[in-house]
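# Just need the structure, nothing else, for what follows:
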Amino acid sequence: MNAVDRRIVELAIIGKHRPLTATEAREWEESRRYAIDREWRLARVLNLMPLARQTKDWTWAEELAREYDQVMKMF
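Below you'll find the model as predicted:
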């Protein structure tokens, strides 16, 4: 769990006890958007990797491997 994930959990807990401030609401939205984008990118790469292998397009597979590495750095 990275800092963004921890902050989402923290804000969710705070939001159960009181309304979020404007700053907290902005952080919630930014963190949520970051997590969604990260998961979407990971799912996309993981879905395309088998296709690249099946078609034996090794250049594409290498590009996807680099993209996978970049996405994993987001965690």
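# other SSEs contacting the helix ranked longest in the chain?
Longest helix in the chain by number of residues (criterion: DSSP state H): helix 22-54. With contacts defined as 3 or more CB pairs under 8 Å, 6 or more residues apart in numbering; DSSP states H and E, helix 22-54 has these neighbours: helix 3-17, helix 58-72. Backbone N, C-alpha and C define where each C-beta goes, glycine included.
# got the contact list for stretch 9-24?
Under the criterion CB atoms under 8 Å, 6 or more residues apart in numbering, residues Glu27, Trp28, Ser31 lie in contact with stretch 9-24.
# re the thing from before, for the longest helix of the chain, which residues meet the burial criterion?
By neighbour count on 16 or more other CB atoms under 10 Å, the buried set for helix 22-54 is Glu24, Glu27, Trp28, Ser31, Tyr34, Ala35, Arg38, Leu42, Val45, Leu48, Met49, Ala52.
# These into JSON lines, with extra columns for pLDDT?
Output for these, formatted as JSON lines (pLDDT from 0 to 100):
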{"residue": "Glu24", "pLDDT": "96"}
{"residue": "Glu27", "pLDDT": "96"}
{"residue": "Trp28", "pLDDT": "96"}
{"residue": "Ser31", "pLDDT": "95"}
{"residue": "Tyr34", "pLDDT": "94"}
{"residue": "Ala35", "pLDDT": "94"}
{"residue": "Arg38", "pLDDT": "95"}
{"residue": "Leu42", "pLDDT": "96"}
{"residue": "Val45", "pLDDT": "97"}
{"residue": "Leu48", "pLDDT": "98"}
{"residue": "Met49", "pLDDT": "97"}
{"residue": "Ala52", "pLDDT": "96"}
